[in-house]
Structures are given as structure tokens and as C-alpha cells.
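Participant: kindly return the folded structure for what I paste below:
(chains A and B)
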Number of protein chains: 2
Amino acid sequence: MVSVILIGTGNVATQLYDNFLLHPSIKVVQVIGRSAKSLAYFTSKTETSLITGIIKKADVYFIAISDDAIETVAHELTDVDGLVVHTSGSVPLSILSKLKRIGVFYPLQTFTKGKKLDFRNIPICLEIGNKEEDKPLKFIAETISDTVYDINSEQRKSLHLAAVFVNNFTNYMYRMGQEICEEHQVPFAILKPLIHETANKINIISPENAQTGPARRNDLQTMQLHLDQLQTDEKKEIYKLVSESIQKKYKSPKRL
Amino acid sequence: MVSVILIGTGNVATQLYDNFLLHPSIKVVQVIGRSAKSLAYFTSKTETSLITGIIKKADVYFIAISDDAIETVAHELTDVDGLVVHTSGSVPLSILSKLKRIGVFYPLQTFTKGKKLDFRNIPICLEIGNKEEDKPLKFIAETISDTVYDINSEQRKSLHLAAVFVNNFTNYMYRMGQEICEEHQVPFAILKPLIHETANKINIISPENAQTGPARRNDLQTMQLHLDQLQTDEKKEIYKLVSESIQKKYKSPKRL
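Facilitator: Numbering: from 1, shown residues only, chains lettered A, B, ... in the order given. Below you'll find the predicted structure:
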């Protein structure tokens, strides 16, 4: 059994908490938050404390809070003997360097408030200060997830950047699609099966080979029609830049 | 029972054919193609013919070929009495105006060669020259799909444009994510659950509300780090433009 303390009460902390509770071999001994209100969800099931209060003993401490608060909170943990890990995609391990035993536990997923996710299918990226001390962290990761990776800070930074493209920017493409639908009184719901199938395709074919559309075909006429049709400069610019980039990729001399 | 002739042997034609065959109330009487080779898949099960050959009688003729060939092929069908429909998202109904009875049957989905799709979940957008003649087309659409929409040429054009954003551009975001992974020796597979969850989110929350990431938070420091990290001007430009657009959307005065 591994004992755990959760520091944080937001989306990631709550999802971790709910998943830890499913496994008897992981014991959450305390949840630490900034205010009594933020701790309300946890108090009935687990001991809670404010960050200024008494911090108990545990094998692993999870700092699951916003990136820019990690360093400050870490200062409160200089005395603990357990392993202290943060859960951020972009913050280097070294931010915890003043602590005794440190690591990173980065679940690569997007969390929605109120939507419980099964960690079984969520990749966990681990990094650890001292390789010989990775046992409790690895145990927790492998208990809750089927896919656990050893990833260093550089690689994690790249994954986080790649995630901006496949998650944040992709969602923004959805938003622009939705706006175009609304401008022309067509229900956005018509596009949902297409959105799902576009995502499903990556399971059987690489994005490189899955690329279709007017830019991929170098269909200049359709692209011009689309540009004329778009109602805002913002969308026109994005349409142009992304299309030009696709055209370059698929027409570059090395591919001919 | 409705009789059908398919003109075309590509992805859309093949998917339609496979789905029509599942329903005894839809009878494919002929498949028409450009060459014996392209017709090979169909010959064992259905009568086939070259476009220059004899075209049989049917209730509905489906022209499922590339956009720029529709007009030429339509010329061969001026004598038929059945309803002639094309399956394109961007070609107006009027391209068929020289024929007697015309329509559009646009399945809004992305088709991958070799991956059979169940049309049950694919939205079918119908447009018909003469509303009183829509029965056979509506019957076919409702037989193979659960979601059938009446959409005019203008709306269909908008849907097709919106589809470029949510499908073509989204896939390109996946590709850029994959490239970033490859540049840093991290397996792209780590991102797949994130890609799926990003798509699944639209079922419970609108893209507008689902937006996250450094640009949404106006986190200038992380955005600068990401720009420094990107290895090609192309990716830098896309990162910048899309991020700026997100920043504008979520910081615009009317939203404050």
C-alpha cells in the first residue's frame, strides 16, 4: 500500500482523487487546499487541511495546482520525507530542487469539470529526481493507468507543446466551424460525426496520410471560393496560413 | 423498393454501395465506372457498365465522382427519367439543371479507403430540384441513416467550409503535433487519448466553452517559451496566428 497526500482542489486534483479512491492499494491520507470552501468535496471522505496547517506524513505528495503556484507551495514542503511530485506538463522537475525527493507525475489528458475520466486510458508521464526512488510513484501510475512512460523534462515540454496543437488549436478549429454554421443557420450537430471520425482516423492511419481537402489537392479554385465565403478577417487569415502550410508540405520537391 | 444506379467507383461510391447492399428495400441495378479495372470490386455482385455504355433505368442515379467531373458526366444523363443526384458538398444543385429531375445527396463524413463506415450515424444533407419529387431520395436517406437534413445549396456550401476547419485543418493540427513528437523522440501514441477526448468533449460542452490553453489564459510567458521551442517558421507562424485569434476572442471587450 502507498499513502498519498493531494495538494490542490482543482480539476486535476479532483480527478486524481476520484481515481485513487477506486484502488484500495492507494490510500489518500490528506487533501490540502487554499480554503475550506475548495475542500468541501473532500471533507466527508478524507482528512483535509489548509496549506498553512499541519501536513501529515505520506509516501507521495502530489502538487496538483496551477503552474505558477508550484514553486511557492513547494517551499512549504521542504521538511517532508516523502516523494514530492508536481503534475504539470510544462514546469521542469528542477523547480522542486530544494526538496529532498522529487518527481513529476504528468497525466496527459484534458479534464472537464464534472466529467469523470477513467485514468486506465490516460498516459502518465513520469520523471524522477533519483531513479532508485521511483517505486512508489511507478506503483501508483501503474495501478491507475495502463500506459506509463518515463519522460524527461525536455520531452515533457515537447509533449505539452504538441498538446497545444492537437487539443487547444483543434478545439479552436471546432469553434470556427461552429461559428460558420451559426452564421448560416445550420446546426453544428451535423458536423459532430465528422469530428469524431477525424479523431478516430488516427488509430488506423497517420495524420500525414490522412490529410485531405482543397489545400491537399492544391484546388486553388475551391480555396478562393472559401476565402470569399468567410466573413471575418481572422478566419480568412487562418484559412490562408494553414492552407498554404498544407500546400507546401504536400507539394515540397522531396515529395514529388 | 427503390432502384438505384451508382455512377463512380471511388471512396464515396464504394461506401454508398456497401451500405445500400445492407438494405433489401434498396436495389442497386447497375454501377457505372470509367474503366473495367475500377469496376472490379462491383462486378461479382452487380451489373456494371462503362460510362460510354448502356445506362439502365432506375429511380435514382447517384453521381459520386470528383467535383470537377460532375458536369461532364451529367451530360450523359440528359435522357434519363429518374432522379439524378450528386454527392458533393461544394457543387451547387444548378450544375445539374439541364437534366429532368435533380437533387443532391451529401453525406457529411470523411471516408477512408478500406475502412467501412456505418451510414446509420452519418448525417445526410438532401436538396431537391422539385420538392414534390423528393420521396425516393428521402426514402433512401432515411433507410440508411438516422439523421437526414434538408439543406439548400448555400447552407451546404457553408457546411463544406466548416468541415474544412473541423476535419482538414484539425487533421493538420494532429500532423504538427506528430512532427513535434518525432523531433523530440516521443511516441505520438501518447497524444492519442488526448485527441479522442478533445473530440468527445463537444458532446457535452460547446467548443466555445471547452477552450483551454496558454492563449485562452493569456499566459504570455508560456506562449513565448512555446514559440522559442518550435523548430520551423511554419509552425511558429501558425502558433502565433491561432493563439492571437484565441486571445482576441476571449479578451474582446464584449466578453468582459
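Participant: contacting residues around stretch A:204-221?
Facilitator: The contact list for stretch A:204-221 (Cβ atoms under 8 Å, 6 or more residues apart in numbering or on different chains) reads A:201-202, A:222-223, A:226, A:242-244, A:246-247, A:249-251, B:110, B:112, B:115, B:164, B:167-169, B:171-172, B:174-175, B:177-178. (Glycine included, C-beta is placed from N, CA and C.)
Participant: in it, what counts as buried?
Facilitator: Of the residues in stretch A:204-221, A:205, A:207, A:210-217, A:219 count as buried by neighbour count, 16 or more other Cβ atoms under 10 Å in any protein chain shown.
Participant: would you point out the most distant pair within those?
Facilitator: Greatest spatial distance in the buried residues of stretch A:204-221: A:I205 and A:D219, 21.2 Å, computed using Cβ to Cβ.
Participant: pLDDT weak spots in the stretch 151-256 of chain A?
Facilitator: A:252-256 (pLDDT under 70).
Participant: now the strands: where do they sit in it?
Facilitator: For the stretch 151-256 of chain A, strands defined by DSSP state E, counting those that start in this stretch do not occur.
Participant: hey, where'd the helices end up in it?
Facilitator: Here the stretch 151-256 of chain A has its helices, by DSSP state H, counting those that start in this stretch, at A:153-163, A:170-183, A:192-201, A:207-210, A:214-217, A:220-229, A:233-251.
Participant: including distance to B:S38, could those helices go into TSV?
Facilitator: Putting these into TSV (distance: least, Cβ to Cβ, whole Å) gives the following:
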stretch	distance to B:S38
helix A:153-163	39
helix A:170-183	33
helix A:192-201	24
helix A:207-210	21
helix A:214-217	19
helix A:220-229	24
helix A:233-251	24
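Participant: let me know which of the ones you listed is tucked in deepest.
Facilitator: Among the helices of the stretch 151-256 of chain A, ranked by average contacts under mean count of other Cβ atoms under 10 Å in any protein chain shown, first place goes to helix A:170-183 (a mean of 23).
Participant: that one close to chain B?
Facilitator: Yes: contact of helix A:170-183 with chain B (Cβ under 8 Å from any Cβ of the partner chain) involves A:170-178, A:180-181, A:183.
Participant: same check, this time on stretch A:223-236
Facilitator: Yes: interface with chain B: stretch A:223-236 contributes A:225-226, A:229-230, A:234 (Cβ under 8 Å from any Cβ).
Participant: distance to A:I128 for these - can I get that in CSV?
Facilitator: Compiled in CSV, those are given as follows (distance: Cβ to Cβ, whole Å):
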residue, distance to A:I128
A:L225, 54
A:H226, 49
A:Q229, 53
A:L230, 49
A:E234, 44
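Participant: ok, of the residues you listed, which one's closest to B:V84?
Facilitator: A:L225 (23.5 Å).
Participant: returning to that earlier point: of the residues of stretch A:223-236 next to chain B, which is the nearest to A:H86?
Facilitator: A:E234 (35.4 Å).
Participant: farthest residue from the center of chain A?
Facilitator: A:Q221 (38.8 Å; Cα atoms, centre = their mean).
Participant: which single residue of the stretch 51-200 of chain A ends up nearest chain B?
Facilitator: Nearest residue of the stretch 51-200 of chain A to chain B: A:N168, at 3.2 Å (Cβ to the nearest Cβ).
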